[in-house]
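**Student:** Any chance you could fold what I've pasted below:
(2 chains)
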Amino acid sequence: MAIEEKTLEIANLIREKIQDKTYPYGSAIPSERELAQYFNVTRNLIRSAIDSLIDESILKRIHGKGTYVTKTDIDDTAIHFKGMSELLNEAGFKPSSKVLTTLTRKAKYKYSNIFHVGEDTEMFQIIRLRLGNNLPISIENTTIPYHSIKRVEDIDFQVYSLYDMFMINGISIQNIEHIFSSTRIHGAYAKLLNREEDAPIINIKITSFTKTHQIAEYTEVIVVPEFSKYYTDGIIKNGIFNLTSQLIT
Amino acid sequence: MPKVFNQLSLEVEEYIREYIAVNRLQPGDKLPAERTFSTELGITRGTLRHGLELLISDGIIENRKNSGYYICPPKITRELLYYCFPYKDRHLIQSGYRVTPINAIPDRIQNIVNNILGPIKMEKSNTRRHLEYVNDTPISITYTFQEPVSQALIPYLFEMDTIPEELTVTQSIRVIDAEYAEPEIIGLLKLNPPDTLLLISNFVHYRNQIIGICLSICVGTRINLVTEIDLKNASDGA
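**Tutor:** Below is the predicted model:
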């Protein structure tokens, strides 16, 4: 049997085990060594079978942790900019993101005003660097009410998207408000985005509302000039404004 | 998980925003001395300044040499949907929007229009050049060009207060380096060194032709451009 056929066969066997929930969504599959033993094939073959499932976004390899079963590969930008990943891919940039930090904090003055909650309300914050072919695109600072997502502190945001978590927790977003402005970038953020200290930059404040007008999340984005078109370009038709990145299906 | 490098500056920024709101400081009011805040927060003045820097970059406070930090006028909210039809933007009008005609036209603006319409149509375009204010604060310089052929069909396109249904507008926002702006522009907009500029471009299309161009150099530090997207509309429109 040709190697490609054998790889396909193993990939399909792993796929079946994901479908029958032997390897459930959110868990790591066994190691390459274990799988090689189990299927009685070489590790190289297991590796290429896994690679093909990663290409299909069924699995995600997390460096130093293992290979995880994911439901979708929808990036969180899909919450605000539905077609962003596709637009970036079309332009030849493979999008990825890196979690800079996650923290649990009190709403305090700032977020109590944004979310209309008490200052002592627990909030969860996640700050991410977005990349395209390893070039920095943007830094996104997202805040959600801590209790809106179950066990949010245990979620590995390198593996799962907030988008997945909203789906699983029954949060569906109906309206998004975008506020565009400009600022200057300093310190660590300037270094991460590969900009000079004090360089001018576009910032966007995004608030997502649910059907019942609750605020699901609030995100502050700073985006480098080379990639700002993906975040800011829009079209007005029949009296309605839409971002170009929203109109991709 | 590594600590966010900028976390402390962000905390300082939040603290000072709260201070401004709680103490109801008004535009032109002075913030307490750096020493007061750094002692209160138990941080060095260097760290405090990183937080203040964020507020300066956002156009919330300004640093007057040898004097201290002062509160800026509140940012003006403008609807992206009506950017080139400002008379439709009720909130903007109520804030005290007004315009005065000007002469200055930067090369970068001329070049964009020239590239799209060509020199002849550009020459014959109905052109308007305005400095836009809200009360006494200059917020932007806006140029509109309507190409000659469409003037018979839709006279005074950019003076209307509704967007005709058959028109489609494509819009983009880019940051431009204020340091490279023409001295005339810097003077008209009364720019200060921390200010940053946005170039907002609107192209009005009628039956696959561009009939109007609206280019605006806008002080991003003085303005919030707002838009609300209904996800249902977004999927229907696709």
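
**Student:** beta partners for the residue in chain A that chain B sits nearest to?
**Tutor:** Nearest residue of chain A to chain B, counting by C-beta to the nearest C-beta: A:Ser182, 2.7 Å away. Every C-beta, even on glycine, is put in place using the N, C-alpha and C of the backbone. The bridge-partner assignment for A:Ser182, based on DSSP bridges, gives A:Ile202.

**Student:** That one contacts B:Leu199, correct?
**Tutor:** No. If you go by C-beta atoms under 8 Å, A:Ser182 and B:Leu199 don't touch, sitting 10.3 Å apart.

**Student:** picking that back up, enumerate every residue touching the residue of chain A closest to chain B.
**Tutor:** Contacts for A:Ser182 (C-beta atoms under 8 Å, 6 or more residues apart in numbering or on different chains) come out as A:200-203, B:175, B:196-198, B:220-221.

**Student:** Out of the residues you listed, which two are the most distant from each other?
**Tutor:** Using C-beta to C-beta, the contacts of A:Ser182 span at most 13.7 Å, a distance reached by A:Asn203 and B:Leu197.

**Student:** more crowded one of those two?
**Tutor:** B:Leu197 (25 against 22; other C-beta atoms under 10 Å in any protein chain shown).

**Student:** Would you agree that one is in contact with B:Val175?
**Tutor:** Yes. Counting by C-beta under 8 Å, B:Leu197 touches B:Val175, with 7.2 Å between them.

**Student:** quick one: the residue nearest to A:Arg195 when sequence neighbours are not counted from A:Met123, how far?
**Tutor:** Excluding the flanking residues, the one nearest A:Arg195 by C-beta to C-beta, 6 or more residues apart in numbering or on different chains is A:Ile185, at 5.4 Å. Per C-beta to C-beta, to the nearest Å, A:Ile185 is found 24 Å from A:Met123.

**Student:** What of A:Arg151?
**Tutor:** Taking C-beta to C-beta, one finds A:Arg151 at 15 Å from A:Met123.

**Student:** The two: who's more crowded?
**Tutor:** Neighbours were counted for A:Arg151 and for A:Met123 using other C-beta under 10 Å; A:Met123 has more, 23 against 7.

**Student:** about what we covered before: where do the contact lists of B:Leu197 and B:Val175 overlap?
**Tutor:** Counting by C-beta under 8 Å, 6+ apart, the residues touching both B:Leu197 and B:Val175 are A:182, A:200, B:220.

**Student:** Out of the contacts of A:Ser182, flag the one nearest to A:Ile79.
**Tutor:** Taking C-beta to C-beta as the measure, A:Ile79 lies nearest A:Asn203 of the contacts of A:Ser182, at 17.7 Å.

**Student:** A:Glu220 is in contact with that closest one, correct?
**Tutor:** Yes. With contact defined as C-beta under 8 Å, A:Asn203 counts as touching A:Glu220 (6.6 Å).

**Student:** CA atoms of the helix or strand hosting B:Asn115 as CSV?
**Tutor:** In this assignment (DSSP states H and E), B:Asn115 forms part of helix B:107-124. The C-alpha trace of helix B:107-124 is given here as CSV (Å, rounded to 0.1, in the frame of the first residue of the first chain):
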residue,chain,number,x,y,z
ASP,B,107,-0.4,67.3,-2.5
ARG,B,108,-1.4,64.0,-1.0
ILE,B,109,-5.1,65.0,-1.5
GLN,B,110,-4.6,66.3,-5.0
ASN,B,111,-2.7,63.1,-5.9
ILE,B,112,-5.4,60.7,-4.8
VAL,B,113,-8.1,62.6,-6.7
ASN,B,114,-5.9,62.9,-9.8
ASN,B,115,-5.2,59.2,-9.7
ILE,B,116,-8.9,58.3,-9.6
LEU,B,117,-10.6,61.0,-11.7
GLY,B,118,-7.7,62.1,-14.0
PRO,B,119,-6.6,65.7,-14.4
ILE,B,120,-9.4,66.8,-16.7
LYS,B,121,-12.3,65.6,-14.6
MET,B,122,-10.5,66.8,-11.5
GLU,B,123,-10.2,70.3,-13.0
LYS,B,124,-14.0,70.3,-13.8
